[in-house]
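S.K.: Quick one: sequence and predicted model below, then my questions.
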Amino acid sequence: MSGRSETATALGDAVGTVGAGADSLHAAATGAAAKARSLGHPVLVCMRSLISPVDPLDLFDRATLVTRDRVFWERPEEQFAIVGLGSAWTFVAEGRTPFRDAAAAWRFCLHEAVGVDDADEPCWGAGPLALGGFAFSPKGPKEPQWDGYPSGKIVLPRLTVSRIGRDTWVTLAVMVGSDEGALARAVGEIRELPGLLATPSDHQSASIAVDGTEGSATVEEFPQAEHWKAAVSSAAQAARDGAFTKVVLARAVKVRGIRAGAPEAVRRLRDGYPSCTLFAVANGDRCFLGATPERLIRVRDGEVSTAAVAGSAARGATEEEDRRLGERLLASAKERLEHAVVVDVVKDVIAEVCANVESPAEPELLKVANVQHLSTPLSGRLRDRMDALELVDRLHPTPAVGGFPRTAALQWMQEREGLDRGWYAGPIGWIDHAGEGEFAVAIRSAILHGSEAVLYAGCGIVADSDPEQEYAESALKLRPLLSALGVNGAGR
């Protein structure tokens, strides 16, 4: 059976299984309407059930012509993936405290919800979930490529499918107010979305790779290479002068003429970078996607886990060369300093809220397809309940993407980087009804719009950073997304 047929069959099963179909959902929503009138605010109604296995990425692809709001998240090595389609509830962050505001809004959304705790057994990663992301800066993006991506946005999907090991869960959600017409429309959308997805469509994913023939992609750098190298030299001098210990400088490349769509790009990233977190946040005809090696925070059953990732080197062409490059990375004073700054800050933040904080004394090598990093995992147990978004608020931006000391480094970066990062290097992920969840740092990422894409990469600059070496490292970090979009031999 084809993947599309399997998806259609599983969704058909889900529609019949959840609450014995739309009639039961409507009955639950009708009952919730009375509660909404009594409370004076809308009430969430959701239903969750196990279904036949589906590939959430296939579902993300099929939904392109069905809904503007689509979010995909996957950790392939853990056999964990989520797709969210449509929007039952959306929060857009506009203030100076986006993470705390989003956490408070999500808690209010869940207040007096119907069906949230009705499942036979809790399941981390199954709905209802709020999925989304945030800009690197709370001031939000300004450049036109970021239209539709505000300072922060989290969405409770109409339909969420979570693949967790061998199990696949589906969650349907609707916000019910006192307006009977709105209730009927919302329930109609709930009934329509799975049905549309299960119906054969003429839609085909844009999966044609760019090649070297006429009309192939063109690449433009922002800022130009020499300007970026000059900024690196200036940053290294500022570090030597004591302005800061480390600052992160990013650059971008704009690619025109790509012919690989977002689903196909994510499939290629899945094949090449299974140890990374894959993500795609689509808003209409734009999509922000990537494959990041950097977890910001995970909260599960009261346990907090994160990792300090900083310090990079290329992979070797042979096993012996790869080993030598890894050993050189572990022995590099410059890379160890850059890494230690991140470890110290992250560990201090975790220790403020957790007991039994654990981390190894020495970093380990985190190897992905084309880059290896210094990585130090950290974990602890929360002393008191705290939402994942509240932990994100404490951690972001870490020195891995901002610098240290934070205020001095960010001020220097904002004055001289000359780049609108948008959602690049911002937190991206999900949170469940218990306040637990996972957020990653959205590096190794790109924003796609039609046949154009803007890709981002950054490097940590310390006192003895060399501009040529940092530029080469940034080109190495751009390579995965360029390759996923079918653009080969570009990036420097």
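M.R.: Happy to help now that I have it.
S.K.: Show me what counts as buried in stretch 362-381.
M.R.: Using 16 or more other CB atoms under 10 Å as the burial criterion, the residues of stretch 362-381 that qualify are 363, 365-369, 371-380. Any C-beta I mention is one placed from the backbone N, CA and C, and that applies to glycine too.
S.K.: Okay, now the unreliable bits of the protein?
M.R.: Across the chain, the ranges flagged by pLDDT under 70 are 1-25, 117-122, 178-180, 182-183, 186-187, 189-215, 489-492.
S.K.: tell me, what residue is most central in this structure?
M.R.: Geometric centre of the chain, nearest residue: residue 428, 3.4 Å, by CA atoms, centre = their mean.
S.K.: Would you confirm that that one contacts residue 279?
M.R.: Yes - taking CB atoms under 8 Å as the definition, residue 428 is a contact partner of residue 279 at 5.4 Å.
S.K.: anything in contact with each of the two?
M.R.: By the contact definition CB atoms under 8 Å, 6 or more residues apart in numbering, residue 428 and residue 279 are jointly contacted by 133, 440, 442.
S.K.: Now secondary structure and distance to residue 44 too, for those, in JSON lines please.
M.R.: What follows is the shared contacts of residue 428 and residue 279, written out as JSON lines (DSSP: H, G, I helix; E, B strand; the rest coil; distance: CB to CB, whole Å):
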{"residue": "133", "secondary structure": "strand", "distance to residue 44": "22"}
{"residue": "440", "secondary structure": "strand", "distance to residue 44": "26"}
{"residue": "442", "secondary structure": "coil", "distance to residue 44": "27"}
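S.K.: Compare those and tell me which is most surrounded.
M.R.: residue 442 (30 neighbours; other CB atoms under 10 Å).
S.K.: if I pick the residue lying closest to it once chain neighbours are set aside, what's in contact with it?
M.R.: Distances taken as CB to CB, 6 or more residues apart in numbering put residue 428 closest to residue 442, at 4.4 Å, once the chain neighbours are dropped. The contact partners of residue 428, taken as CB under 8 Å, 6+ apart, are 132-134, 279, 281, 439-442.
S.K.: from those residues, which is closest to residue 311?
M.R.: Of all the contacts of residue 428, residue 311 sits closest to residue 441, with 15.0 Å by CB to CB.
S.K.: Spell out, range by range, the helices that occur in the protein.
M.R.: 3-17, 22-39, 56-62, 98-110, 180-198, 225-240, 262-272, 319-331, 333-353, 388-395, 406-416, 467-484 (DSSP state H).
S.K.: Tell me the buried residues in the last one?
M.R.: Neighbour counts over helix 467-484 (16+ other CB under 10 Å) mark 467, 470-471, 473-484 as buried.
S.K.: burial count for residue 324?
M.R.: Residues lying near residue 324 (other CB under 10 Å) number 13.
S.K.: what's the spacing between it and residue 164?
M.R.: Here residue 324 is placed at a distance of 39 Å from residue 164 (CB to CB, to the nearest Å).
S.K.: same question, residue 216
M.R.: For residue 216, the distance to residue 164 - CB to CB - is 40 Å.
S.K.: can you check residue 138 too?
M.R.: Going from residue 138 to residue 164 by CB to CB gives 32 Å.
S.K.: With residue 101 instead?
M.R.: 29 Å.
S.K.: Looking at those two, which is more packed in?
M.R.: The neighbour count for residue 101 versus residue 164, taken as other CB under 10 Å, is higher for residue 101 (20 against 16).
S.K.: separation between the more buried one and residue 173?
M.R.: In terms of CB to CB, residue 101 sits 21 Å off from residue 173.
S.K.: can you count the residues close to residue 331?
M.R.: The burial count assigned to residue 331 is 9, neighbours taken as other CB under 10 Å.
S.K.: And residue 360, by the same measure?
M.R.: Neighbours of residue 360 (other CB under 10 Å): 11.
S.K.: can you tell me which residues contact it?
M.R.: Contacts for residue 360 (CB under 8 Å, 6+ apart) come out as 376-377.
S.K.: mind listing what's buried in stretch 283-301?
M.R.: By neighbour count on 16+ other CB under 10 Å, the buried set for stretch 283-301 is 283, 286-299.
S.K.: now, the most widely separated pair of these?
M.R.: With CB to CB as the measure, no two of the buried residues of stretch 283-301 lie farther apart than 286 and 299, at 29.5 Å.
S.K.: so residue 105 makes contact with residue 91?
M.R.: Yes - contact criterion CB under 8 Å: residue 105 and residue 91 qualify, at 4.3 Å.
S.K.: between these two, what contacts are shared?
M.R.: Taking CB under 8 Å, 6+ apart as the contact rule, residue 105 and residue 91 both touch residue 154.
S.K.: neighbour-wise, which of those two wins?
M.R.: Counted by other CB under 10 Å, residue 105 and residue 91 do not tie: residue 91 has more neighbours, with 21 against 18.
S.K.: What count of nearby residues applies to residue 110?
M.R.: Residue 110 has 20 neighbouring residues, counting by other CB under 10 Å.
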